[in-house]
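K.L.:
Provided below for reference: sequence and predicted model.
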Amino acid sequence: MKEKDDLRRILNRIDGRGYKAYKDIRGRWAFPDFALIIDHVQGDPFAAPSRLRAVVPSGVTGLPRRVSAPEPRAVGVACLLARRFRREADRLGKSRGSGKSGRIGIAAPGQEVLEQTAVRVEEDGAVEVRFTAGLPARGRKVMGRQAEELLCETVPEVVATSVFASAYDEEELVRHALVNEDAEALRASLEPLGLVAFVADGSVLPRRTGVDDRPLEGPQVVPFESPDPLRVEVELPNAGVVTGMGIPRGITLVVGGGYHGKSTLLRGVEQGVYNHRPGDGREQVVSDPAAVKIRAEDGRAVTGVDISPFIGDLPGGVSTRDFSTENASGSTSQAAGTMEAVEAGARVLLVDEDTAATNFMIRDRRMQALVPREREPITPFIDRIRELHREHGVSSILVLGGSGDYLDVADTVLAMTDYTPSDVTETAQTVARDFPTGRVAETPGPVGSPPRRIPAARSVDPSKGKRSVNVKVRDEDGILFGAEEIDLQAVDQIVSRPQLRAVSEALVLARRRFMDGKASIPEILDRVMEALDREGLDVLSDRKPGDLARFRRHELAAALNRLRALEIRSD
Ligand code: ADP
Ligand code: MG
């Protein structure tokens, strides 16, 4: 096998030559401690940087077995290693010439802990790191000596200081492993306890800012404290017994004055579908893996969705059983989002009045008197919410400050005061009795089972011009897919760029392998998720990318459903 010294020789030989000469360094190089694999060499210094891997055997990493297995432990540790790799790469990598020359990059995770391709920790403690490097150039000429320093000295140093167990306190490694394992166990305990979410006492829910996901710090932070009747104890494999608030199945309202922490609590629950790193404040905040945030999203496209349970025939006799629009209103977008979520298997709907359409949520007594039923196509959510739970097993958690009409349908009512919840279910029931709303339920017929929606493969087309796959992630808010841009700004449970990258690759995979003109959307989601479980994230690409992270079926469904070119056949 080619060795480190052979790589040095080539880099010296091509020094000063045209940039294309770098192609000679592709392949696998045996370094003393690990294998350096150069998968892709960039075409010029300004192109996307080259893609590399370091494969480090277990004997070298020295990671103890108790942090590398079982899987949830390995995933927790892999995220720690990836963040450290980023830090060390920033510290030791330096600009060496034009463009991104000399920079080492990695797709490090944020606060959430997801299976990802940047760092994978194997069961035996071996580690694979996927990263990028800007191969040094002056103008468009190879800087061989700088490349030698980068690849043969800096990279091994970054690997040693981020992947070797000796670079860490063993306690830190163990904590990242065990905290993640506990979070998995905590989520798995929800269902048997009849809960849809759990927020541990002492959790820190508020974030620094709207764009900084790290925990809020300082004396103003009020740690979470569970209210008496909802306090539950759960025994975790590592942390022992934890106490916190269990939100039961059914219909839960979060009420309270403005600025008392209602949205922050809901956001904690919404993000509780993912695990969080130690120190995040939400390590023990978990929710049902099928909890889906629903919001109004006017302007989005909707294709072939049966929104008739919420919206009857529209002006002009337009049917809503197979509803499509290029430009949904607030209420129709929320109706479509709800039906799509249920179709994809949502078991909990999360709604915040801040981002909901009022006319979708409620039609009060006075409106019922003023605008006759025949002239209002909307069946408000309040008249479906119980049926969704009873007939379809779908719970709801709603944040409401303004509409007391929902007290009639709630199973549990939480009031937030100074960021601390209390259980006011009984008082709420008294209030509901003492102040009847006088509104009449307006349910035309049952929700029923909506038709199967079958996407046409040709409409999910990732090609553009000569490129058969033209898929790019712009930022956390959108995907370029073929000739169009899918806007995912309103999909709150997409948390990172690697996750979005994986969603976009999954759309390509879904089209190529599973859209056969017979499979419905939920069946396609099943098959993609099965393929991921069976083959891992690499099923999404054969190029060994380092910037993919695990996502849920719900976010894949969200992306597919927002594709404007989508064509659906219903049966
Ligand atoms: P609401 O939805 O009830 O109007 P928010 O959840 O938006 O309130 O919270 C209002 C503000 O209080 C936000 O800036 C949030 O970061 C902050 N906040 C929320 N919970 C806490 C807490 N436990 N401790 C300190 N600040 C908090
Ligand atoms: Mg709010």
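P.N.:
Thanks, I have the structure now. What you are looking at is a predicted structure, and each value in this text was computed from that prediction instead of being measured. Numbering: from 1, shown residues only. Ligands and ions are numbered 1, 2, ... in the order given.
K.L.:
Contacts only, for residue 118.
P.N.:
Neighbour list for residue 118: 78, 82, 85, 106-109, 129-131, 498, 546-547 [criterion: CB atoms under 8 Å, 6 or more residues apart in numbering]. No exception for glycine: its C-beta is placed from N, CA and C like everyone else's.
K.L.:
Now stretch 182-201: buried residues?
P.N.:
With burial defined by 16 or more other CB atoms under 10 Å, the residues of stretch 182-201 counted as buried are 182-187, 189-190, 195-200.
K.L.:
tally of neighbours for the residue in the stretch 1-150 of the chain that ligand 1 sits nearest to?
P.N.:
Proximity of the stretch 1-150 of the chain to ligand 1 (CB to the nearest ligand atom) peaks at residue 111, 14.9 Å away. The number of residues packed near residue 111 is 22, by other CB atoms under 10 Å.
K.L.:
do residue 75 as well
P.N.:
Considering only other CB under 10 Å, residue 75 is surrounded by 23 other residues.
K.L.:
Quick one: the strands in the stretch 151-300 of the chain, in order.
P.N.:
For the stretch 151-300 of the chain, the strands defined by DSSP state E, counting those that start in this stretch occupy 195-200, 207-209, 212-215, 231-236, 240-248, 251-256, 275-276, 285-287, 291-294.
K.L.:
Next, the angle strand 240-248 makes with the fourth one.
P.N.:
It refers to strand 231-236. Interaxial angle of strand 231-236 relative to strand 240-248 (axes from the mean of the first three to the mean of the last three CA atoms, to 10 degrees): 130 degrees.
K.L.:
Export only the CA atoms of strand 231-236, formatted as CSV.
P.N.:
The C-alpha trace of strand 231-236 is given here as CSV (Å, rounded to 0.1, in the frame of the first residue of the first chain):
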residue,chain,number,x,y,z
ARG,A,231,-44.9,15.1,38.2
VAL,A,232,-43.7,11.6,37.3
GLU,A,233,-40.6,9.6,38.0
VAL,A,234,-38.7,7.7,35.4
GLU,A,235,-35.8,5.4,36.1
LEU,A,236,-32.9,5.8,33.6
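K.L.:
For the protein, which residue occupies the most central location?
P.N.:
Centroid check for the chain by CA atoms, centre = their mean gives residue 494 as the closest residue, at 3.5 Å.
K.L.:
ok, the buried residues of stretch 182-201 vs ligand 1, which is closest?
P.N.:
Nearest to ligand 1 among the buried residues of stretch 182-201, counting by CB to the nearest ligand atom, is residue 199 at 10.9 Å.
K.L.:
Now do that closest one against residue 255, distance only.
P.N.:
17 Å (CB to CB, to the nearest Å).
K.L.:
do residue 339 as well
P.N.:
If you go by CB to CB, the gap between residue 339 and residue 255 works out to 27 Å.
K.L.:
try residue 215
P.N.:
Applying CB to CB to residue 215 and residue 255 gives a distance of 25 Å.
K.L.:
Those two: which is more packed in?
P.N.:
Neighbour tally, residue 215 and residue 255, criterion other CB under 10 Å: the higher count belongs to residue 255, 23 against 18.
K.L.:
what sits against that one?
P.N.:
The neighbours of residue 255, taking CB under 8 Å, 6+ apart as the test, are 262, 400, 401, 413, 414, 415, 416, 424, 428.
K.L.:
Dump stretch 183-194 to CSV, restricted to CA.
P.N.:
The C-alpha trace of stretch 183-194 is given here as CSV (Å, rounded to 0.1, in the frame of the first residue of the first chain):
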residue,chain,number,x,y,z
ALA,A,183,-32.2,10.3,26.4
GLU,A,184,-33.1,7.3,24.2
ALA,A,185,-34.3,5.3,27.1
LEU,A,186,-36.4,8.3,28.4
ARG,A,187,-38.1,8.7,25.0
ALA,A,188,-38.8,4.9,24.9
SER,A,189,-40.5,5.1,28.3
LEU,A,190,-43.0,7.7,27.2
GLU,A,191,-45.4,5.3,25.4
PRO,A,192,-45.7,2.8,28.3
LEU,A,193,-46.3,5.6,30.7
GLY,A,194,-49.1,7.0,28.5
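K.L.:
mean confidence for that stretch?
P.N.:
For stretch 183-194, mean pLDDT rounds to 98.
K.L.:
Any chance you could list what contacts it?
P.N.:
Outside stretch 183-194, the residues touching it (CB under 8 Å, 6+ apart) are 72, 113, 196-198, 232, 234, 236-237, 242, 246, 248-249, 272, 275-276, 283-284, 286-289.
K.L.:
Quick one: buried ones out of these?
P.N.:
Buried residues within the contacts of stretch 183-194, defined by neighbour count using 16+ other CB under 10 Å: 72, 113, 196-198, 232, 234, 236, 242, 246, 248-249, 272, 275-276, 283-284, 286-289.
K.L.:
quick one: the residue of the stretch 351-500 of the chain found nearest ligand 1 from residue 410, how far?
P.N.:
The stretch 351-500 of the chain approaches ligand 1 most closely through residue 419 (3.4 Å), counting by CB to the nearest ligand atom. Taking CB to CB as the measure, residue 419 falls 21 Å from residue 410.
K.L.:
what sits against residue 412?
P.N.:
Residue 412 touches 230, 247, 248, 250, 251, 252, 253, 423, 425, counting by CB under 8 Å, 6+ apart.
K.L.:
Next one: the fourth one from ligand 1, what distance?
P.N.:
Separation of residue 250 from ligand 1 (CB to the nearest ligand atom, to the nearest Å) stands at 22 Å.
K.L.:
Alongside ligand 1, which residues does the chain contribute?
P.N.:
The chain comes close to ligand 1 at residues 205-206, 216, 220-222, 256, 258-264, 416, 419, as judged by CB under 6 Å from any ligand atom.
K.L.:
Before I go, just wanted to say thanks for your time.
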